[in-house]
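Visitor: Below are the sequence and a predicted model; questions follow.
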Amino acid sequence: MLWHPARTKTLCPIQRCRACGEAASFQVTLQGRYLCTRKISSALFTSSVVRVQTFEHLLSGLNEQQRQAVTTLDGPVLVIAGAGSGKTRVLTTRVAYLIANGIPPERILAMTFTNKAADELRQRLAVLCDPWSARRVWAGTFHSIFARLLRRNAELLGYSPNFTIYDDDDSLSLIRRLLKEQNIPPKELSPNSVRSVISRAKNELVYPDDYAAQTQTPRQQRIATIYHLYQRALRRADAMDFDDLLLNMIDLLEHSEEVLQLYQNLFAYIHVDEYQDTNKAQYHVIKLLGSEHRNVFAVGDDAQSIYSWRGARIENIFEFQRDFPEHRLVRLEQNYRSTQVILDAANALITNNPEQIPKQLWTAVRGGEPIRVASYWDETDEATGIVREIERLRQAGLLQQWSDAAILYRINAQSQVLEDAFRRADIPYRIIGGISFYKRKEIKDALAYLRLLVNPSDDEAFLRIINEPPRGLGQATIEHLRLWAAHHEVPLLAAAARATEISAIARPKQAVLTGLARLIATAAEKTTAPLAEAIHHYLEQTGLLSYYTAQATEEALDRYENIARLIADIAEYAAAQELNQQTPSLEEYLQRVSLLTSADETSDSDAVLLMTLHAAKGLEFPVVVIAGLVEGLLPLIRATTTDRDRQEERRLFYVGITRAKERLMLTYPRNRSTFGLVQGTLPSSFLAELPLELLDADRPEDFAPRRSEQLSRGLSPSPAPSNGRPARYRTGMRILHPSFGEGIITGIEGHGDNTKLHVRFSTGGTKILMAGYAPIQVLST
DNA sequence: CTACATGTAATTTTT
DNA sequence: TTACATGTAG
Ligand SMILES: Nc1ncnc2c1ncn2[C@@H]1O[C@H](COP(=O)(O)OP(=O)(O)OP(=O)(O)O)[C@@H](O)[C@H]1O
């Protein structure tokens, strides 16, 4: 495995850029892997007393186990440890330690879960080492790092370096289009389910041909066809979806031995945070990159694995142990985040998951405030109660700043009521994630116009804007254009430019199309104008801006403002780039935007934070409120819920609890209004899994297990989870459904969570309802 | 081709 | 309750 600088030069622009940096130290380390690393580090240790002190300084904030993890430089290291035990701190310090040991920062790879976490890593490194080194480390999410690497090597895979990244919406509308072309009505095969099947397949490394080969049902065969067409369409549009970023990275590395060696050598040290939530494809890349030098450092907690629905595999932990048998396993046992009370509650909860790796966790913070469990009449009440409690804490001086408090919930929809309550109380709040700025319609439209400048083959973008603002181009015109484009195998934009050749389209519309194409082509030409200005001008030309200003409704004005904000954002980006002496480019901006994670949206205003439990992973707050502890919501129970899902819900709750440093409050409403119909709820069964003596509950009798149950729970380590659905259905039962009205059960199909009910409604129709999901009320047996 | 009206079904979590 | 999709009238 020798280094070939000459050959790599053409493949990897990083090497060329680096030439202006510190060539000397670079060359020394380039020769080999661990041998040279050790040589360098030992040389530094012996030659410089000052440096040794620096290392001590780095290690001073760590306990013995943490030090071991940090200072094990060579070979694989796996850190498996509970919440708040300092895993992220260990990872950060270790990167700093490597740099202090003379490892060039650009040879260190660190995969984080969000871009924000990567930024924080760099900020820490800037303090621990120096800002210049911090900036050179390869830190980011799997997706964003892979996107960068893929751009550099795009041609090798048959893409252009400016390939577009399709987000969920783009994929979905593409799939919709393909279904239509195949004459499959969305009712028979929902675009959403096709997308999720394809995505799941990709996460499992199942390619279209593999998938087609293993189809069993006609439905799967249809999906296989769509999957195939979908990949072809993506390629033609010079686009990748999120999953492709991972798959194509694998392709790239397996494509040529040379490229593989290049990156195996470049990334001499590989780090993965939140390792429990990596999927098969991600692990595959880790293995490809790390199998030679074996310097792979992974930290994680199986009890915090909450993304299995996205293909994450806890099994990757065990596979790591198998594939890197010589690894050093480090366990961290001291929790530095939470009080004893909070930690005890979390530990008690998680023991209900029999499959979790057992972990000891202790904290030096004795005692702590009991966990408040508050009950409210309904969700509005609940939100008001939470806000009042936050206000009370603030007044009592127990909340230094608003942002020391976070409200967590299971689904985004829950934020609405909370938002209203905060607004009423006039307390600053901020929603993390949810419908982000970049997902708004007008922003996506504007971005679609921009995408076309960078990638003229981007058909999804073109279809998005072809009649936005309205230009009188409707279904018929679009259909003709599409047929012609398909026939001539050119992108839609190119077809539009040649619209005069399409006789099926009326003259006036041809002119509109060519005009639009010319406008885009002109804007795509290089200008000397500053980026944001040029874009502003372009968006004005498209008519998008005037479309909104002309309407003068409040909504339209809002949209106009949002686009203005987008332009301001671009200007800000450009300024930041120039500050770093880098040229801003639209390409880079668009890539950044498409790879934003929900945690990334920054703002320094002091506000109470509202986010989903998923979004809270890795964060910590002095005060945490978890809202909506209602059976069916947390744990979320759907028709398809399995026991494994239930365990994941429990882990999700575990993640939530362990975000709290000092105070934890859990709330539930006794009634929930769904579609305007009020329904009684049961408190989450998870509440009964928390030791009662740690709680300060309004109505413990609502959820606490009865004495006899408590005894039996104590005896059997893994109680069979009750599935929290008290209603048992029988044929002949009379039931009430909020939208269908009264009906009689005429048949029952399947069992457990898959129970389907055949119900004949008094209104005449017969429906098949999912017993676990449908909001059914039993009237009589 | 667009705009409006009516009916329908629906609520996970996100890179 | 709302959001979206489909159908119909202009
Ligand atoms: N040795 C230590 N001494 C003091 N504080 C520490 C130490 N190690 C970690 N901490 C602090 O403990 C808190 C939790 O650390 P960190 O976020 O790294 O834990 P984690 O294991 O990554 O947590 P999680 O898995 O819950 O995300 C942080 O505030 C961190 O600064």
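Guide: Received it, and whenever you're ready, just let me know what you need. Numbers count the residues shown, from 1 in each chain, chains lettered A, B, ... in the order given.

Visitor: in stretch A:125-134, what's buried?
Guide: Across stretch A:125-134, burial judged by 16 or more other CB atoms under 10 Å covers A:125, A:128, A:129, A:133, A:134. All C-beta atoms are positioned from the backbone trio N, CA, C, and that covers glycine.

Visitor: cool, stretch A:195-212 as well?
Guide: By 16+ other CB under 10 Å, the buried positions in stretch A:195-212 come out as A:195, A:197, A:198, A:199, A:201, A:202, A:203, A:206, A:207, A:208, A:211, A:212.

Visitor: Contacts made by that stretch with the rest, please.
Guide: Stretch A:195-212 has contacts (CB atoms under 8 Å, 6 or more residues apart in numbering) with A:168, A:171-172, A:175, A:214, A:220-221, A:223-228, A:230-231, A:241, A:243-244, A:246-247, A:250, A:279-281, A:284, A:310-311.

Visitor: Return the subset of these lying in strands.
Guide: residue A:241 (DSSP state E).

Visitor: Report the separation between the residue in the stretch 251-400 of chain A positioned nearest to the ligand and residue A:419.
Guide: Per CB to the nearest ligand atom, residue A:336 is where the stretch 251-400 of chain A lies closest to the ligand, at 3.2 Å. When distance is defined by CB to CB, to the nearest Å, residue A:336 is 33 Å away from residue A:419.

Visitor: and if you look at residue A:341?
Guide: In terms of CB to CB, residue A:341 sits 30 Å off from residue A:419.

Visitor: So the two - more neighbours on which side?
Guide: residue A:341 (24 against 15; other CB atoms under 10 Å).

Visitor: give me every residue that touches the more buried one.
Guide: Contacts of residue A:341 by CB under 8 Å, 6+ apart are A:367, A:368, A:369, A:370, A:371, A:694.

Visitor: Verify the contact between the first one and residue A:342 for me.
Guide: In other words, residue A:367. No: assessed by CB atoms under 8 Å, residue A:367 is found out of contact with residue A:342, at 10.6 Å.

Visitor: which of these two has more neighbours?
Guide: Using other CB under 10 Å, the more surrounded residue of residue A:367 and residue A:342 is residue A:342, with 29 against 8.

Visitor: show me the contacts for the more buried one.
Guide: A:368, A:371, A:657, A:658, A:660, A:661, A:664.

Visitor: Could you check the strand or helix carrying the last one against the ligand for contacts?
Guide: When secondary structure is defined using DSSP states H and E, the element that contains residue A:664 is strand A:660-669. No: contact of strand A:660-669 with the ligand (CB under 6 Å from any ligand atom) is absent, the minimum separation being 7.8 Å.

Visitor: tell me what that strand is packed against?
Guide: helix A:340-350, strand A:371-376, helix A:379-395, strand A:621-626 (3 or more CB pairs under 8 Å, 6 or more residues apart in numbering; DSSP states H and E).

Visitor: what's the angle between the first one and strand A:660-669?
Guide: Right, helix A:340-350. Interaxial angle, helix A:340-350 versus strand A:660-669 (axes from the mean of the first three to the mean of the last three CA atoms, to 10 degrees): 60 degrees.

Visitor: what mean pLDDT does the very next helix or strand once past helix A:340-350 have?
Guide: Sequence-wise, the next helix or strand downstream of helix A:340-350 (DSSP H and E) is strand A:362-363. The average pLDDT within strand A:362-363 is 91.

Visitor: Sheet partners, orientation included, of strand A:362-363?
Guide: Using DSSP bridges, strand A:362-363 pairs in its sheet with strand A:334-335 (parallel).

Visitor: so how far is the partner strand from its chain's centroid?
Guide: Put simply, strand A:334-335 sits 27 Å off its chain's centre (CA atoms, centre = their mean, to the nearest Å).

Visitor: The longest helix seen in chain A packs against which elements?
Guide: Longest helix in chain A by number of residues, with DSSP state H as the criterion: helix A:554-579. The contact analysis (3+ CB pairs under 8 Å, 6+ apart) places helix A:554-579 against helix A:441-454, helix A:531-542, helix A:544-551, helix A:586-594.

Visitor: where does chain A come near the ligand, residue by residue?
Guide: Where proximity means CB under 6 Å from any ligand atom, the interface of chain A facing the ligand comprises A:61-63, A:66, A:81, A:83-89, A:301, A:304, A:336-337, A:618, A:620, A:658.

Visitor: In helices only, show me those residues.
Guide: Those of the residues of chain A next to the ligand lying in helices (DSSP H): A:66, A:87, A:88, A:89.

Visitor: Let me see the contact set for the last one.
Guide: Spelled out, that is residue A:89. A:61, A:62, A:66.

Visitor: again, but for residue A:154
Guide: Taking CB under 8 Å, 6+ apart, one finds A:160, A:161, A:163 in contact with residue A:154.

Visitor: which one of these sits closest to residue A:631?
Guide: Taking CB to CB as the measure, residue A:631 sits nearest to residue A:163 out of these, at 45.7 Å.

Visitor: where exactly do the helices run in the stretch 101-250 of chain A?
Guide: Here the stretch 101-250 of chain A has its helices, by DSSP state H, counting those that start in this stretch, at A:115-128, A:131-136, A:142-152, A:168-181, A:191-203, A:208-213, A:218-236, A:242-255.

Visitor: and DNA strand C, which of those is closest to it?
Guide: With CB to the nearest atom of the strand as the criterion, DNA strand C lies closest to helix A:168-181 of the helices of the stretch 101-250 of chain A, at 8.1 Å.
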